[in-house]
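Undergrad: need a structure here:
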Amino acid sequence: MAIANPLNTSLPAGPAYQPRSLRLWQALLLPLSIGTLLAVWQGAIWLKQYKSYILPSPARVWQRLWVALADGTLAQHAAVTLSESLGGLALGLAVAAVLGYLLAHSRPLESLLAPYIIASQSIPIVAVAPLFIIWFGSGPAAKVLICALIVFFPVLINVIVGVRSVEPDLRDLMRSLRSNRWQTFAHLELPAALPTLLAGVKIGATLSVIGAVVGEFVGADRGLGFLITAARGQFDTALVFVAVLTLVVIAMSLYGLVALLERALLAWKE
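TA: Numbers count the residues shown, from 1 in each chain. Below you'll find the predicted structure:
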C-alpha cells in the first residue's frame, strides 16, 4: 500500500484552484484595458488635434451620455432597439428549434430545404432589409423579422448538430425501455442538444442587436439605429459614440443573460 508523502506541497489539482496573484491580475485586467484604451483615445486627440465632430474626447462623450440620459432620449431609443432584438431573438429561436429538430430526424427534408436555407443566408442582411421595410412597413414588425432572419441560421445549425450528437446506443436504450417520442425528446435529445443550442443562442443574442440596427438604418423613426443616423446628420459625433456604446451594453447584457441561463440549465454537467 502506498504511503502518502507528508512533505508533498504540490498545488491542489483541478481547474477551480488559481494562485492569488493570477486572480488579482484577472480582476485588474478589464480596468487596465479600459484605462489603456481611454488613454490612447485621448492621446490621439491631443496628437492629431482632432475636432470634436470628428473624434470627441472621452470626457465629451461622458457628458453627452448624461445629457441623453437626463432628457430621456437614450432610454427611449434603447428600449425600442431592445424590444426589437428580444422579439427577433424569440421568433428566430422558436422557428430554428422546431425546424432544426425536424431536419435532424429527416435527411430527405434536409436535402430538400438545405439549398433554400443556405441561399437565404448568402444574401447580405443589408440587401434584404429594404425589402422587409417595403413589405411590412417601417414599424417594429419589419425589424423583428430582420432580427429573426439573422438569428435563425446559427441556432438551426446548432440544434441539428446537438440532436444528431446523441449516441445510437442511447437511442437503442430508450427504445428498449419502450419510450415514446416525447419521452425520448425530453429525457435524451433535449439534454444532449442543450449545450450546443445555448451556444447558438449566445451567438444569436448578439446578432439580434445587429439585425435591429440594420433595420433601423433602413427605415425607422425610433431606435438606436435611427439615433445614430440623426446624430450623424447633425455632426453630433459624441451622441453617435453614446449610441454605439449602448448597443455594446445591450449585446453584452443579452449574452450574459444567456450565459447565466446556460449555467443554471447545465449545472448537472459540473
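
Undergrad: Centroid-nearest residue for this structure?
TA: Geometric centre of the chain, nearest residue: residue 206, 2.3 Å, by C-alpha atoms, centre = their mean.

Undergrad: On the pLDDT front, check the nearest residue to that one once chain neighbours are set aside for me.
TA: Once flanking residues are discounted, residue 206 sits nearest to residue 251: 4.7 Å by C-beta to C-beta, 6 or more residues apart in numbering. Where you see a C-beta, it was placed from the backbone N, CA and C, and this is true even at glycine. Listed pLDDT for residue 251 reads 93.

Undergrad: okay, now residue 251: neighbour count?
TA: By other C-beta atoms under 10 Å, 17 other residues sit near residue 251.

Undergrad: Can you give me the distance of it to residue 197?
TA: In this view, residue 251 and residue 197 are 19 Å apart by C-beta to C-beta, to the nearest Å.

Undergrad: and if you look at residue 232?
TA: Residue 232 is 38 Å from residue 197, by C-beta to C-beta.

Undergrad: hmm, back to that, element containing the residue nearest to residue 206?
TA: Per DSSP states H and E, residue 251 falls inside helix 237-265.

Undergrad: How far away from the center of its chain is that helix?
TA: 8 Å (C-alpha atoms, centre = their mean, to the nearest Å).

Undergrad: go on, stretch 70-86?
TA: For stretch 70-86, the distance to the chain centre is 18 Å (C-alpha atoms, centre = their mean).

Undergrad: mean confidence for it?
TA: In this model, stretch 70-86 has a mean pLDDT of 92.

Undergrad: then that stretch to PDB, C-alphas only?
TA: C-alpha atoms of stretch 70-86 as PDB (Å, rounded to 0.1, in the frame of the first residue of the first chain):
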ATOM      1  CA  ALA A  70     -31.300  63.200 -18.400                       C
ATOM      2  CA  ASP A  71     -33.700  64.100 -21.200                       C
ATOM      3  CA  GLY A  72     -34.800  60.500 -21.700                       C
ATOM      4  CA  THR A  73     -33.600  60.300 -25.300                       C
ATOM      5  CA  LEU A  74     -31.300  57.400 -24.800                       C
ATOM      6  CA  ALA A  75     -33.700  55.300 -22.700                       C
ATOM      7  CA  GLN A  76     -36.500  55.800 -25.200                       C
ATOM      8  CA  HIS A  77     -34.500  54.700 -28.200                       C
ATOM      9  CA  ALA A  78     -32.600  51.900 -26.400                       C
ATOM     10  CA  ALA A  79     -36.000  50.400 -25.200                       C
ATOM     11  CA  VAL A  80     -37.200  50.200 -28.800                       C
ATOM     12  CA  THR A  81     -34.000  48.500 -30.000                       C
ATOM     13  CA  LEU A  82     -34.000  46.100 -27.100                       C
ATOM     14  CA  SER A  83     -37.700  45.100 -27.700                       C
ATOM     15  CA  GLU A  84     -37.000  44.500 -31.400                       C
ATOM     16  CA  SER A  85     -33.900  42.400 -30.500                       C
ATOM     17  CA  LEU A  86     -35.800  40.300 -28.000                       C
END
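
Undergrad: outside of it, which residues touch it?
TA: 65, 68-69, 140, 143-144, 147, 208-209, 211-213, 215-216, 222-227, 242-243, 246-247, 250, 254 (C-beta atoms under 8 Å, 6 or more residues apart in numbering).

Undergrad: Please repeat the previous calculation with a cut-off of 6 Å.
TA: For stretch 70-86, contacts defined as C-beta atoms under 6 Å, 6 or more residues apart in numbering pick out 68, 140, 143-144, 147, 208-209, 212, 222-224, 227, 246, 250.
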